[in-house]
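Enquirer: sequence? don't have it. structure:
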């Protein structure tokens with residue numbers, strides 16, 4: 001037992017060049033896993049930025065709602081009906097669509113923009129700066145622009161008048177911070193009249209109804225009551241469950257989420273294959289030595305532990321450089337794309353456990369060759 005770790009260590013570094021090459025290959029696969037899962041987490045969180053920006057207990061949507069790409073709409077009389085329902089304290093109107101932003105300095109290149117038409121009810125805006133800026137967009141054609149929008153949005157300053165949304169001139173009269181996502185290069189908030197002018201939508205149609213439940217009322221009971229009493233052309237969800245459903249839809253149904261998951265799986269397989277090849281070669285080159293160990297009394301189980309320890313050494317040494325490289329690449333991607341990257345410590349721990357799983361699978365497959373180490377072959 002005492003000899004197991006030194007023996008595995010010596011076996012690992014007997015050929016330093018081959019070991020470094022193997023560590024480099026496995027590190028690269030772990031880096032790919034880290035990045036793919038980081039992109040997946042970023043896509044998951046940013047897919048619901050709009051929903052998380054507002055403060056509400058329940059949200060009303062069209063019965064045809066699938067995701068932010070296909071929100072659908074419903075008659076605003078449903079909000080009036082919901083307002084008088086038992087347990088409802090306050091309701092706010094939120095319209096949403098994607099439009100095109102354009103400024104002269106971007107060579108007339110259009111950028112996608114998440115446009116929110118809001119009734120400017122301050123009780124539904126928890127962010128202090130955005131709440132205080134709501135009166136600034138009360139006049140028509142005034143816009144509150146997300147200051148973290150893409151650089152192609154041009155200069156983000158209050159008073160700018162040469163920007164357009166869907167080719168309609170607007171004035172930037174306030175700023176706030178939300179963040180860009182895979183759904184748009186930036187975002188803007190306008191009042192309902194301005195939203196109607198930009199989108200040329202039917203003023204009787206609403207995208208979302210934000211609902212605050214009266215203090216002391218059970219949120220789920222109020223939701224069930226609303227769903228039962230309102231016509232079947234609308235659906236009512238709790239905020240937390242609605243955001244989770246949106247995030248799960250984006251990463252499990254939308255192509256971009258599936259691509260990131262497939263990329264992480266392929267990177268895992270590549271890393272496992274590299275590690276298997278390295279361990280298989282190491283064991284093949286030392287079959288006579290393992291046979292000698294058997295001849296002097298060491299059991300198969302002991303030799304398995306040597307091989308497993310060697311697999312673990314390769315994995316841990318590969319993870320050490322992959323972790324800081326992952327954060328470095330994420331930082332560079334964020335700087336280049338302005339897309340916020342979410343890489344919490346939980347993700348680093350999860351990738352580490354995937355690396356351990358990789359070593360277990362590769363080790364089990366490679367160690368099958370140990371059975372061929374027959375002491376009789378020495379004579």
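Expert: That came through fine. The structure presented is a predicted model; accordingly, all values stated were derived computationally and were not measured.
Enquirer: Quick check: buried residues in stretch 96-105?
Expert: Judged by neighbour count using 16 or more other C-beta atoms under 10 Å, the buried positions of stretch 96-105 are 96, 97, 99, 101, 102, 103. Heads up, the C-betas are built off the backbone N, CA and C, glycines and all.
Enquirer: what's the closest of those residues to residue 321?
Expert: Taking C-beta to C-beta as the measure, residue 321 lies nearest residue 101 of the buried residues of stretch 96-105, at 40.8 Å.
Enquirer: State the distance from residue 197 to residue 168.
Expert: Separation of residue 197 from residue 168 (C-beta to C-beta, to the nearest Å): 6 Å.
Enquirer: packing partners for the longest strand along the chain?
Expert: Across the chain, the longest stretch assigned as strand under DSSP state E is strand 88-102. Here strand 88-102 touches helix 77-83, strand 111-118, strand 163-165, helix 192-199, strand 205-206, strand 208-213, going by 3 or more C-beta pairs under 8 Å, 6 or more residues apart in numbering; DSSP states H and E.
Enquirer: how far does that strand sit from the chain's center?
Expert: Relative to its chain's centre, strand 88-102 lies at 23 Å (C-alpha atoms, centre = their mean, to the nearest Å).
Enquirer: and what of stretch 233-249?
Expert: 17 Å.
Enquirer: average model confidence for that stretch?
Expert: What stretch 233-249 shows for mean pLDDT is 93.
Enquirer: Could you list the residues in contact with that stretch?
Expert: Residues from elsewhere that reach stretch 233-249 (C-beta atoms under 8 Å, 6 or more residues apart in numbering): 44-45, 47-48, 51-52, 56-63, 65-68, 74-75, 78, 209, 211, 219-220, 223, 226-227, 230.
Enquirer: Filter these down to the buried ones, ChimeraX style.
Expert: What follows is the ChimeraX syntax for the buried subset of the contacts of stretch 233-249, where burial is set by 16+ other C-beta under 10 Å:
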select :44,45,47,48,51,56,57,58,59,60,61,62,65,68,74,75,78,209,211,219,223,226,230
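Enquirer: Of the contacts of stretch 233-249, which belong to helices?
Expert: Judged by DSSP state H, helices contain the following of those: 44, 45, 51, 52, 78, 219, 220, 223, 226, 227.
Enquirer: which residues touch the fifth one?
Expert: Residue 78 is in contact with 60, 206, 209, 230, 231, 233, 234, counting by C-beta under 8 Å, 6+ apart.
Enquirer: of all these, which comes closest to residue 162?
Expert: Using C-beta to C-beta, those come closest to residue 162 at residue 206, 31.2 Å.
Enquirer: pretty sure the closest one contacts residue 91?
Expert: No. Using C-beta atoms under 8 Å, residue 206 is not in contact with residue 91, being 10.3 Å away.
Enquirer: Find residues that contact each of these two.
Expert: The contact lists of residue 206 and residue 91 share residue 79, where a contact means C-beta under 8 Å, 6+ apart.
Enquirer: Listing request: residues of the stretch 51-200 of the chain with sub-threshold pLDDT.
Expert: 106-108 (pLDDT under 70).
Enquirer: The residue minimising distance to the centre of the chain in helix, strand or coil?
Expert: Nearest to the geometric centre of the chain sits residue 41, at 2.2 Å (C-alpha atoms, centre = their mean). Assigned state for residue 41: helix (three-state reduction, DSSP: H, G, I helix; E, B strand; the rest coil).
Enquirer: So residue 197 and residue 168 - more neighbours on which side?
Expert: The neighbour comparison of residue 197 against residue 168 (other C-beta atoms under 10 Å) goes to residue 197, with 18 against 14.
Enquirer: for that one, what are its contacts?
Expert: Counting by C-beta under 8 Å, 6+ apart, residue 197 makes contact with 140, 141, 168.
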